[in-house]
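1. I need the structure of the sequence given here:
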Amino acid sequence: MKKVIFIYGFKGYKNQSRVAKKILNKYEVICFEYNSNLKQSIKEITLELKDFIDKETIKKEKVNLIGVSAGGIIASYYAKFVSPEKVDKLATICSPFRGTYVSKFYSKKLKGVRELKKNSYLLKKITAKKLNKNKTINFWCCIDLLVPGNSGKGENPVHTWNFFHFTIHNNKRIFKKIKEFFDN
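-> Reported below is the predicted structural model:
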C-alpha cells in the first residue's frame with residue numbers, strides 16, 4: 001500500500017488528517033506530527049520530516065505528500081531541496097507561496113512564521129524551483145482569508161472557493177481531486 005504523508009499547517013494537529021484518511025482509504029495516510037507553532041525554521045522542520053519519512057519507509061520507497069497551508073511549504077521544500085528522490089507526487093492546499101498576513105500578527109521569535117512573510121527569501125527559493133507538472137497539484141483560493149489573492153497559487157494550480165482557511169483540511173472535494181491525482 002502506497003504511503004501518503006499528511007503535513008498540517010500552522011497551529012495544526014494530527015486529527016486534521018481525518019478526512020484525508022477517509023477519502024484516501026486505498027493509501028496508508030500517515031500524519032507527520034511536529035511543533036506547528038513554527039518556532040523552528042521551515043528548513044529545520046523539513047529535516048525532521050526527512051527523518052520521519054526515512055523511518056516510515058524503506059530505502060527506495062516513494063511517498064506522496066499532502067501539505068495544508070504552511071504544511072505545503074514544508075512539503076514543497078522537502079520535495080524540491082531535501083529528498084526529491086523520495087517523492088512520487090505532491091499536493092498542496094492553500095499554502096502561502098507568496099506570503100501570508102499571519103506573519104505580521106505573531107512574534108518575530110517564531111522563525112517559521114517569519115519565513116512566511118511576503119517576499120521572504122525562503123518563499124522565493126521555493127517558487128523559483130519547479131517540479132514536473134505531473135508530479136504536483138496545488139489548490140488555492142483568491143479570497144482565502146489568510147492566504148489572499150494569488151499568494152496561494154502554486155504549480156499546476158486548481159482554484160477552489162474554500163475561502164475560510166481554517167476548514168480547508170475538511171474539504172472533501174479537494175481530497176477527492178487529490179485522490180484522482182494520486183491514482184493517475
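2. What lies in contact with stretch 25-35?
-> 1-8, 14, 16-17, 20-21, 45, 48-49, 52-53, 56, 64, 179, 182-183 (CB atoms under 8 Å, 6 or more residues apart in numbering). C-beta coordinates here come from the backbone N, C-alpha and C atoms, glycine included.
3. Inside strands: which ones of those?
-> Using DSSP state E, the members of those that fall in strands are 3-7, 64.
4. can the residues you listed go into CSV with extra columns for distance to residue 145 and pLDDT?
-> CSV is the format used below for the ones in strands among the contacts of stretch 25-35 (distance: CB to CB, whole Å; pLDDT from 0 to 100):
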residue, distance to residue 145, pLDDT
3, 32, 98
4, 27, 98
5, 26, 98
6, 22, 98
7, 21, 98
64, 28, 98
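5. Most neighbours among the residues you listed, which one?
-> residue 7 (30 neighbours; other CB atoms under 10 Å).
6. Apart from its neighbours in sequence, what residue is nearest that residue?
-> residue 71 (3.4 Å; CB to CB, 6 or more residues apart in numbering).
7. what sits against the one you found?
-> 6-9, 12, 95.
8. Quick check: residue 109 touching residue 40?
-> No - counting by CB atoms under 8 Å, residue 109 does not reach residue 40; the two are 11.1 Å apart.
9. coming back round to it: list just the nearest of the ones in strands among the contacts of stretch 25-35 to residue 114.
-> residue 7 (19.1 Å; CB to CB).
10. so what's that closest one bridging to?
-> residue 67 (DSSP bridges).
11. Relative to residue 109, how far out is it?
-> Separation of residue 7 from residue 109 (CB to CB, to the nearest Å) stands at 22 Å.
12. Which residue ranges of this protein form strands?
-> 3-7, 28-31, 63-68, 87-93, 136-140, 157-159.
13. Columns distance to residue 130 on top of the ones you listed, output as JSON lines?
-> Converted to JSON lines, the strands of the chain look like this (distance: least, CB to CB, whole Å):
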{"stretch": "strand 3-7", "distance to residue 130": "20"}
{"stretch": "strand 28-31", "distance to residue 130": "26"}
{"stretch": "strand 63-68", "distance to residue 130": "16"}
{"stretch": "strand 87-93", "distance to residue 130": "12"}
{"stretch": "strand 136-140", "distance to residue 130": "9"}
{"stretch": "strand 157-159", "distance to residue 130": "13"}
